[in-house]
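# sequence and predicted structure below; questions after.
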Amino acid sequence: MMAAVEKFGATSIEVSMSDIGARARVAARAVALAPTATKDAALAAMAAELRRAVPAILAANAQDVADGEAKGLSGSFIDRLVLNEDRIEGMAAGLEAIAALPDPVGRVLSAWDRPNGLHIERVATPLGVIGIIYESRPNVTADAGALCLKSGNAAILRGGSDALRSSSTIVAALRRGLASVGLPEDAIQLVPTTDRAAVGAMLTGLGGAIDVIVPRGGKSLVARVQTEARVPVFSHLEGICHVYVDAAADLAMAEKIVVNAKMRRTGICGAAETLLVDRACAATHLLPLVEALRAKGCEIRASAEVMALVPGAKLATEADWSTEYLDAIITVGLVDGVDGAIAHIEHYGSHHTEAIVTDDAATAARFLNEIDSAILLWNASTQFADGGEFGMGAEIGIATGKMHARGPVGVDQLVSFNYRVRGNGQTRP
């Protein structure tokens, strides 16, 4: 890791980060004008370079994982950090999926004619330079770089310090792919230091070089970004995701969805953290759902009411209801129907992802219409909260704000627009 950190040498972080920003700005102009075929060729080359680099990526990742284990990082954190051949192949396939998407740049979003003969078009344009600040997950490095390229943007990536070796090796492969088709390598840059001052420098905008910041990480990271950023932010807050099992739910379906939502991968932002069960079906549904979770190794933290019905559960504290565990732990409570579920989620949720299990279409409609979260699912697992599962190829994160981007942030969310007006000599009276 020291070799990566020492790339700044004796130069100050502020000066070095300014240089990164300046180079990204130059590269952004080139990729903004790159034809679709060139960008897609670059993505294919980047995927090929990732596959060729598998041994080097695995070796770098093994060092990162060993360091993480030595530090006592949690099992869920290690799971997010670990790469294997299948995960690297998934990264490469994700790049190819992004290449297959329609180019968002240059799309005519709307067009109309004015009575005076002016023809007006609203056309999608790149954002410019996107700064992405993320924690631990090295696969985000490939996803973010590829999404920015496809949408005609340059990327400055500041990954988690625990994955610096892995991310550095991945970025090296991506840059080789860019160079192979004649695009500037500086279209994708990784900040080569773990010093948090580099994050502070990015949040200032690097002298106007960065157009938008995308944070992807825990509450403390996002809070810092929102407090200090001097450029627009696509907020990716914690995923306090809920599954509500309604009285009209099929129990077998509910068991399958609840177990998958919590236990498929506990360390991702779409993992369910709270299970809410309708009091009207507690006698028939509650214990089977809890036992199905326990059978997979999940710890149950419950309300006092649930504890009376479920032997061996731990009493949930007030803080538990608003905690993103990212681990094999779930909080369980009873609510009075869909009204109770909506009220609970509004109070404790993070506006990320919520699911309802029910056979009652009217109840599902109320849940979908009345909860103010970025992603809402009916009879499906919260683990589908993922840009790849939405057909976007990949995502930078799940935006929980309401401005510009919401939900999975893919290529279509990484563009702005301008207005193009064509006339034939009109002047304004």
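Received, thanks. Numbering: from 1, shown residues only.

# pLDDT below threshold where in the stretch 1-150 of the chain?
1-11 (pLDDT under 70).

# the helix or strand containing Ile133 packs against which elements?
If you go by DSSP states H and E, Ile133 is part of strand 129-134. If contacts are counted by 3 or more CB pairs under 8 Å, 6 or more residues apart in numbering; DSSP states H and E, strand 129-134 sits against helix 13-33, helix 139-150, strand 154-158, helix 197-203, strand 212-216. The C-beta positions use only the backbone N, C-alpha and C, and glycine is treated the same way.

# 6 Å instead?
For strand 129-134, the packing partners by 3 or more CB pairs under 6 Å, 6 or more residues apart in numbering; DSSP states H and E come out as helix 13-33, helix 139-150, strand 154-158, strand 212-216.

# out of those, which comes closest to Ala179?
Closest to Ala179 of the helices and strands packed on strand 129-134 is helix 13-33 (CB to CB; 11.6 Å).

# buried sites along the closest one?
13, 16-18, 20-21, 23-25, 27-28, 30-32 (16 or more other CB atoms under 10 Å).

# residues making contact with that helix?
8, 126, 128-129, 152, 154, 156, 184, 186-187, 189, 195, 197-198, 201, 206-207, 209 (CB atoms under 6 Å, 6 or more residues apart in numbering).

# give me the angle between that helix and strand 154-158.
140 degrees (axes from the mean of the first three to the mean of the last three CA atoms, to 10 degrees).

# give me the buried positions along the following helix or strand past helix 13-33.
Using DSSP H and E, the helix or strand that follows helix 13-33 in sequence is helix 36-52. Buried residues in helix 36-52, defined by neighbour count with 16+ other CB under 10 Å: 39-51.

# hang on, the earlier thing: the strand holding Ile133 pairs with which strands, parallel or anti?
strand 154-158 (parallel), strand 212-216 (parallel) (DSSP bridges).

# tell me the secondary structure at Leu309.
Counting by DSSP: H, G, I helix; E, B strand; the rest coil, the backbone at Leu309 sits in coil.

# tally of neighbours for it?
Neighbour count for Leu309, taken as other CB atoms under 10 Å: 17.

# Thr125 and Ala37, how far apart?
19 Å (CB to CB, to the nearest Å).

# residue ranges of the strands in the stretch 251-400 of the chain, please?
For the stretch 251-400 of the chain, applying DSSP state E, counting those that start in this stretch gives strands covering 272-278, 299-302, 314-315, 329-335, 353-357, 375-378, 398-399.

# let's have these in JSON lines, adding distance to Asp412, mean pLDDT and mean neighbour count.
Below are the strands of the stretch 251-400 of the chain laid out as JSON lines (distance: least, CB to CB, whole Å; pLDDT from 0 to 100; neighbours: other CB atoms under 10 Å):
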{"stretch": "strand 272-278", "distance to Asp412": "27", "mean pLDDT": "98", "mean neighbour count": "26"}
{"stretch": "strand 299-302", "distance to Asp412": "38", "mean pLDDT": "97", "mean neighbour count": "20"}
{"stretch": "strand 314-315", "distance to Asp412": "43", "mean pLDDT": "96", "mean neighbour count": "12"}
{"stretch": "strand 329-335", "distance to Asp412": "33", "mean pLDDT": "98", "mean neighbour count": "23"}
{"stretch": "strand 353-357", "distance to Asp412": "19", "mean pLDDT": "97", "mean neighbour count": "28"}
{"stretch": "strand 375-378", "distance to Asp412": "16", "mean pLDDT": "96", "mean neighbour count": "20"}
{"stretch": "strand 398-399", "distance to Asp412": "12", "mean pLDDT": "83", "mean neighbour count": "26"}
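
# does the closest residue to Phe384 other than its chain neighbours have beta-bridge partners, and which?
Nearest residue to Phe384, sequence neighbours excluded (CB to CB, 6 or more residues apart in numbering): Leu377, at 6.4 Å. Bridge pairing for Leu377 (DSSP bridges) gives the partners Ala355.

# contacting residues around Leu376?
Glu354, Leu368.

# repeat the analysis, applying 8 Å as the threshold.
Thr353, Glu354, Ala355, Ile356, Phe367, Leu368 (CB atoms under 8 Å, 6 or more residues apart in numbering).

# how is the chain divided into domains?
Split into domains by automatic domain parsing, the chain comes to 2-236+413-421, 241-384.

# mind putting those domains into a markdown table with distance to Ala405?
Output for the domains of the chain, formatted as a markdown table (distance: least, CB to CB, whole Å):
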| stretch | distance to Ala405 |
| --- | --- |
| domain 2-236+413-421 | 4 |
| domain 241-384 | 9 |
